[in-house]
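Undergrad: Mind folding the following:
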Amino acid sequence: MEASDQSSSSQTQTPRALWFLLIALIALFANALGVSVTARTFGAMGGVSEFAQAVHQQDRSLARYYNGIAFPTVMAVVLWYLWPVIRFARRPSGEAPALVQRRIIGTPLVVAVLGLAPWFVGCIFFVTMTVLRFGHWSTELISQQLLSPLVSGFLAATTTYLLLDWLTRARIAPSLVPGGRLTEIPGALALGVRARLLVFLLAVAFTPLFTMLGLARAAIVRVEAGVPIDHVMPVLAHASSTAFFVYVVLGVALALVFARTLTRPLEQVAGALRRIEGGDLSAGVQVTSSDEIGVLQDGVNTMIETLRANEHILQTFGRVVEPTIRDQLLRGGLHLGGERRAASVLFCDLRGFTAFAERTPPEEVVATLNEFFTTMTVWVRECGGFVDKFIGDAMLVVFGLFERDGEHNLAVSAAAAVRCAVGIRERLVTLNASRVQSGHPPLQVAVSIHTGEVLSGTIGAADRHEYTVIGDTVNVAARLQQLCKERGRDVLFSETTYELARSQGSSHGAVLHDAVSLRGRQEPVRVFEVA
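TA: Sure thing, here's the model as predicted:
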């Protein structure tokens, strides 16, 4: 197991070590590219006067010492800057501290700026040395002492930045800062999308223009110095062709790299939004930067977290409150207070459960109720009703409450309630067979139904209320359920429910039981029973 962990750790660290080698190679490649391009362009169009030639010889002599000091110094500063990141990358896991996160985000800009510094300082250094040695400076040195190093520096810096920006976004940041939240890291040195676009334009547009300006300036200086134009034009044409080819190839490559840093995260965000639209909240997007793209990625992740929290609330809410009521509440379909509606009300109670509970451990009582209610609630929903509430070992079920008022809809709700009552009895047979097989006593139910007008609304205290139905219809259904228990019947429903259900062809062979007097009602109620 330990050997496996070490092997895994080694495999994890090896790519991370290659990142920093790749950073160094990118910086070396960019600077070599800058030197090569300017050598093939400005080098071919250098000054031709004795003064220019003497300065050129001095610059070549001093360049060995300057480059030997300036660029190693910059490399040391870059290594110092990256050292916390390198040290953290050697760890197999763990959350990157704030300093490491800042250094990771700032790597492209810092390395590019540090790489540009020797070129800028070189302009000042070589001009100063020319004045100290020769006592004056000439405009014919613009190309070789100013434009050449500046073009080389800008080309190297912009190329370095764009390549390191891609590497950081694609590999380093997602691996070393997997938790994202890069936009919340204070003090990070990073460019926004607009500034990055400016860097890209500097690399593929402005730098070539400066190169052509330098070539044109060098050609003018040569012509003014008396060099025949027939000698100047071929050199100018060759240098221009070389610059054109290099910048076209480099421009295409950098355009692809730069576009990748924009299109890839946008594709991931678009894919995440499509998954969210389809109801998939399982995964977010990796935050790869601290700019506007990172804000967008972070926003999508925050939205997913919020939706997950809302989904959890809805699921929890739906376990405490009937999902039908929950959805109506969230849609604003239920108002505070009460409103009159027509519905069918079904009461389902376990007969003899009080005696069962007295001789049974509480844990088994709760398990029995949960088993019974789970089975019957699923069936109630299949029939189109919803459980208004659980009352001890009974449940109050309502059908058709949210349908439009009308004789037809009321008849449909009555038929659904009768169908549900018959199905409850049938499912109880299956449930009891399983209970008897496992050594538990069978259960008996008493189901009653009445259809009519109810008052639906929120009832309770100011800070705690529930949505329910009350009224004479509910009372009659409750009295019929009590009658079931008194007479040992399974399913009883009122004549009103029977007539409405029969109009829908759903009487299930019910027969008239008798007319009974119910407490709270003056006239007897004709009661039907499904035998």
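Undergrad: all contacts plus neighbour counts: C-alpha atoms, from now on.
TA: Will do.
Undergrad: what about the longest helix in this protein?
TA: In the chain, taking DSSP state H as the definition, the longest helix is helix 229-277.
Undergrad: what packs against that one?
TA: Secondary-structure packing of helix 229-277 (3 or more CA pairs under 8 Å, 6 or more residues apart in numbering; DSSP states H and E): helix 2-41, helix 148-167, helix 193-201, helix 207-224, helix 292-320.
Undergrad: so which of the ones you listed is the most packed in?
TA: For the helices and strands packed on helix 229-277, the largest average neighbour count (mean count of other CA atoms under 10 Å) is found in helix 148-167, namely a mean of 25.
Undergrad: how many degrees apart are that helix and helix 229-277 in direction?
TA: 20 degrees (axes from the mean of the first three to the mean of the last three CA atoms, to 10 degrees).
Undergrad: Need the contact partners of helix 148-167.
TA: Residues outside helix 148-167 that contact it (CA atoms under 8 Å, 6 or more residues apart in numbering): 23, 26-27, 30-35, 37-38, 42, 107-109, 111-113, 115-117, 119-120, 122-123, 199-200, 202-203, 207, 210-211, 214, 254, 257-258, 260-261.
Undergrad: change it to 6 Å
TA: 27, 30, 31, 34, 35, 38, 108, 112, 116, 119, 203, 261 (CA atoms under 6 Å, 6 or more residues apart in numbering).
Undergrad: do the same with stretch 101-108
TA: Applying CA under 6 Å, 6+ apart, the external contacts of stretch 101-108 come out as 161, 164, 165, 188, 189, 190.
Undergrad: closest to residue 266 among these?
TA: For the contacts of stretch 101-108, the minimum distance to residue 266 (CA to CA) is 16.1 Å, reached by residue 165.
Undergrad: roughly how far apart are the closest residue to residue 34 other than its chain neighbours and residue 247?
TA: Sequence neighbours aside, residue 152 is the residue nearest to residue 34 in space, at 4.2 Å (criterion: CA to CA, 6 or more residues apart in numbering). Distance from residue 152 to residue 247, counting by CA to CA, to the nearest Å: 13 Å.
Undergrad: got the buried residues for stretch 473-493?
TA: Neighbour-count burial for stretch 473-493 flags 473-485, 489-493 (criterion: 16 or more other CA atoms under 10 Å).
Undergrad: out of the residues you listed, which are inside helices?
TA: 473-485.
Undergrad: which among those residues gets closest to residue 79?
TA: Using CA to CA, residue 474 is the member of these that lies nearest residue 79, at 80.2 Å.
Undergrad: what about the closest residue to that closest one other than its chain neighbours, neighbour count?
TA: Leaving aside its chain neighbours, residue 474 sits nearest to residue 345 (6.2 Å; criterion: CA to CA, 6+ apart). For residue 345, the count of nearby residues is 33 (other CA atoms under 10 Å).
Undergrad: does residue 345 count as helix, strand or coil?
TA: Secondary structure for residue 345, judged by DSSP: H, G, I helix; E, B strand; the rest coil, is strand.
Undergrad: Let me know the next secondary structure element after the one helix or strand in the chain whose mean pLDDT sits lowest.
TA: Lowest by mean pLDDT, DSSP states H and E among the helices and strands of the chain is helix 2-41, with a mean of 61. Per DSSP states H and E, the first helix or strand lying C-terminal to helix 2-41 is helix 50-89.
Undergrad: tell me which residues in stretch 374-393 are buried?
TA: The neighbour-count check on stretch 374-393 (16+ other CA under 10 Å) flags 376, 377, 379, 380, 383, 385, 386, 387, 388, 389, 393 as buried.
Undergrad: of all those residues, which two lie farthest apart?
TA: Maximum pairwise distance among the buried residues of stretch 374-393 (CA to CA): 20.9 Å, between 383 and 393.
Undergrad: re earlier: quick one, which of the helices and strands packed on helix 229-277 is nearest to residue 72?
TA: Among the helices and strands packed on helix 229-277, helix 2-41 comes nearest to residue 72, with 11.7 Å by CA to CA.
Undergrad: tell me the angle of the longest helix of the chain relative to helix 292-320?
TA: Using the same axes, to 10 degrees: helix 229-277 against helix 292-320 is 10 degrees.
Undergrad: distance between helix 229-277 and the chain's centre?
TA: The chain centre lies 30 Å from the centre of helix 229-277; the measure is CA atoms, centre = their mean, to the nearest Å.
Undergrad: Kindly report the same for stretch 383-395.
TA: Relative to the chain's own centre, stretch 383-395 is displaced by 38 Å; criterion: CA atoms, centre = their mean.
Undergrad: Now do that stretch, average pLDDT.
TA: Mean per-residue pLDDT for stretch 383-395: 88.
Undergrad: what's the pLDDT at residue 420?
TA: At residue 420, pLDDT is 92.
Undergrad: hang on, it in a helix?
TA: Yes - under three-state DSSP, residue 420 sits within a helix.
Undergrad: Next, count neighbours for the spatially closest residue to residue 342 that is not a sequence neighbour.
TA: Leaving aside its sequence neighbours, residue 342 sits nearest to residue 453 (CA to CA, 6+ apart; 4.3 Å). Per other CA under 10 Å, the neighbour tally for residue 453 reads 20.
Undergrad: One more: residue 510?
TA: 18.
Undergrad: Would you map the strands across the stretch 401-531 of the chain?
TA: 444-461, 464-470, 491-494, 511-516, 525-529 (DSSP state E, counting those that start in this stretch).
Undergrad: Point out the other helices and strands that the last one packs with.
TA: In other words, strand 525-529. Applying 3 or more CA pairs under 6 Å, 6 or more residues apart in numbering; DSSP states H and E, we find strand 525-529 packed against strand 491-494, strand 511-516.
Undergrad: In JSON lines: those, plus distance to residue 358 and mean pLDDT.
TA: Formatted as JSON lines, those follow (distance: least, CA to CA, whole Å; pLDDT from 0 to 100):
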{"stretch": "strand 491-494", "distance to residue 358": "26", "mean pLDDT": "89"}
{"stretch": "strand 511-516", "distance to residue 358": "32", "mean pLDDT": "76"}
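Undergrad: out of these, deepest packed?
TA: Greatest average neighbour count among these goes to strand 491-494 (a mean of 27), per mean count of other CA under 10 Å.
Undergrad: Note down every partner strand of that strand and its orientation.
TA: Partners of strand 491-494 in the sheet, by DSSP bridges, are strand 444-461 (parallel), strand 525-529 (antiparallel).
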